[in-house]
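Chemist: my questions concern the predicted model and sequence given below.
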Amino acid sequence: MSVRLSSQFLLVGAIGAILSSLLIFLIPGPDGLGGPGSIPTNVVFVISGFFLLAGLPALYRVQAKQVGILGLAGVVLLWVATVLLLLVLSGVQILDVAVPGSIPHPGGEGPPPLAIIPMILGVVLTLIGGVIMGITTIRAHVFAAAIGWVILISPVLLLLTALAGNGLLGVILTSACLALFYAGLAWAGAAISFHGKATQAS
């Protein structure tokens, strides 16, 4: 797959993930914002996840010489985090809503372990991978430095949103941080897709 095509997948997947972050509020799940997301929202997340999996390698390939093995590790961590958050977690939520009782809830109320585990692992891997990729991207001077800063800062903010709890404020902050992170990926994809190469930092 060419870098240009891969970057277009990155752009489409990131835009889809941003849209999903907004759909959480427009089409809430059966239990409201605090429960599992609606089927349409999670379907868009899953489709976006597949595009991102095909597109994330472009983030490394255009700056491979500059970011080296560390940058590769960052992209791999983001790739695995995408599998956990957009495919596994969304798949569990789709089943939980479409077929009630199909996902075990040992504790009764609250999200099932099959949702909690990929969510926690996905956020941690997004944090580590985002910090690594953000720092290496800033230092590589292949993309505009702002792209690296967005990819670096948004996962850190995402982790801090845990302090806001699971209420409306927590959901809003989490969605905003995710949207910001995917906006950084979309910006990177657009820089390659529309310019044929990454935008050089001034």
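Modeler: That came through fine.
Chemist: now the host helix or strand of residue 191, how far from the centre of its chain.
Modeler: Assessed by DSSP states H and E, residue 191 sits inside helix 168-195. Here helix 168-195 shows a centroid-to-chain-centroid distance of 8 Å under the convention C-alpha atoms, centre = their mean, to the nearest Å.
Chemist: so what does it touch, helix or strand wise?
Modeler: Packing partners of helix 168-195 (3 or more C-beta pairs under 8 Å, 6 or more residues apart in numbering; DSSP states H and E): helix 3-26, helix 39-61, helix 113-140, helix 145-160. Bear in mind the C-beta positions are built from the backbone N, C-alpha and C, glycine included.
Chemist: any idea which of those is most buried?
Modeler: Among the helices and strands packed on helix 168-195, ranked by average contacts under mean count of other C-beta atoms under 10 Å, first place goes to helix 39-61 (a mean of 22).
Chemist: and the next element down the chain from that helix?
Modeler: Next element after helix 39-61 (DSSP H and E): helix 64-82.
Chemist: quick one: the following helix or strand past that following helix to chain centroid distance?
Modeler: Note on helix 64-82: by DSSP H and E, the next helix or strand toward the C-terminus is helix 90-98. Taking C-alpha atoms, centre = their mean, the mean C-alpha location of helix 90-98 is offset from the chain mean by 18 Å.
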